[in-house]
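> what would the 3D arrangement of this be:
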Amino acid sequence: MAAPTLLYVTQCAPYRDGLAGVHGVLDQSAIALHEIADATGLADRRVGDVTELTVDELAAARVVALFTIGETPWSPDQRATLLSNVRAGHTAIVAIHAATDSCYGWSDYGRLVGARFDGHPWTQEIDLEVTGRDHPATRHLGATWRVRDEVYQFRDLRPDAQVLLRVPVEQLDLDAPGARRPDFGFPLSWCFTEQGGRVFSTTLGHFAAAWESPTYLQHVAGGLAWACGAD
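Numbers count the residues shown, from 1 in each chain. Sure thing, here's the model as predicted:
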């Protein structure tokens, strides 16, 4: 029997109003995701252009991992298939770094990844508060985790999202250009269930150092394992 499949979507597409950025770590992250998928018993495939992905291939995927940016051109049939398969528990979602900065023209996408990107006013070292101490993505960490990364802020965080990592507000300059303080604070990783399916999101991973860090890779691997059903 063939191994279940992880599709790793790394498409960089324009925004509706202009060009989107390109992340230099995509190739490195694909190598890491291959190793993590293999250790989890998944066959992986990198998808650089979703227009070349058939609906049947998408429907058969056990996991769809997203490191996308801009208006990823999912077709209406692909959108419906992905959403229904997640809700039925057939497909899990793993959203990495800029995946929340995608698909503004797809109204259900924010629910599918848990929140909408609302800028990253800060790039700095931070001592993250580990709020999900018993979760597979974070139980290898202590009470705090020091990292250097882009610090995203969000809007429309799902109220049922379990926040796993949060930036203490006192570590951020709220007078920085574009900075806003949402009521739910500054989470950088969370998980939730969308009906029968599981979704794990981490917005860390901008820099190459993350993809060379065993601590970060264990964070991603634990999130993937949870999304596939591990507790």
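> quick one: pLDDT of the spatially most central residue of the chain?
Central residue of the chain (Cα atoms, centre = their mean): A95, 1.8 Å from the mean position. Listed pLDDT for A95 reads 98.
> I'd like the numbering to begin with 25 instead of 1 from here.
Got it, the first residue is 25 from now on, which makes the last one we talked about A119.
> what's opposite it in the beta bridge?
Beta-bridge pairing for A119 (DSSP bridges): L90, S225.
> what segments of this structure are helices?
In the chain, the segments counted as helices under DSSP state H are 50-64, 79-84, 100-111, 133-137, 232-235, 238-251.
> looking at these, which is nearest to D151?
When the helices of the chain are compared by Cβ to Cβ, helix 238-251 sits nearest D151, at 13.7 Å. C-betas here are computed from N, CA, C, even on glycine.
> buried set for that closest one?
Y240, L241, Q242, H243, V244, A245, G246, G247, L248, A249, W250, A251 (16 or more other Cβ atoms under 10 Å).
> which of those sits closest to A27?
L248 (14.2 Å).
> the closest residue to that closest one other than its chain neighbours and R190, how far apart?
Using Cβ to Cβ, 6 or more residues apart in numbering and skipping residues adjacent in sequence, the residue nearest L248 is V118, 5.4 Å away. V118 sits at a distance of 19 Å from R190 (criterion: Cβ to Cβ, to the nearest Å).
> which residues are in contact with F231?
Listed by Cβ atoms under 8 Å, 6 or more residues apart in numbering, the contact partners of F231 are V49, R172, D173.
> which pLDDT does the model give the first one?
According to the model's per-residue confidence, V49 sits at a pLDDT of 96.
> that one reaches A233, doesn't it?
No: applying Cβ atoms under 8 Å, one finds V49 not in contact with A233, separated by 9.4 Å.
> which of those two has more neighbours?
Set V49 next to A233 and count neighbours by other Cβ atoms under 10 Å: V49 wins out with 20 against 13.
> burial of Q186, as a residue count?
Q186: 16 surrounding residues under other Cβ under 10 Å.
> ok, now which ones touch it?
Q186 makes contact with G156, H159, W214, C215, F216, according to Cβ under 8 Å, 6+ apart.
> just A161 next, same as before
A161 makes contacts with L188, S213, C215, F224, T226, H243, V244, G246, G247, W250, as judged by Cβ under 8 Å, 6+ apart.
> and which of those is nearest to R70?
Using Cβ to Cβ, V244 is the member of those that lies nearest R70, at 15.3 Å.
> mind listing what V137 touches?
By Cβ under 8 Å, 6+ apart, the residues touching V137 are L90, I117, A119, A123, T124, S126, V223, S225.
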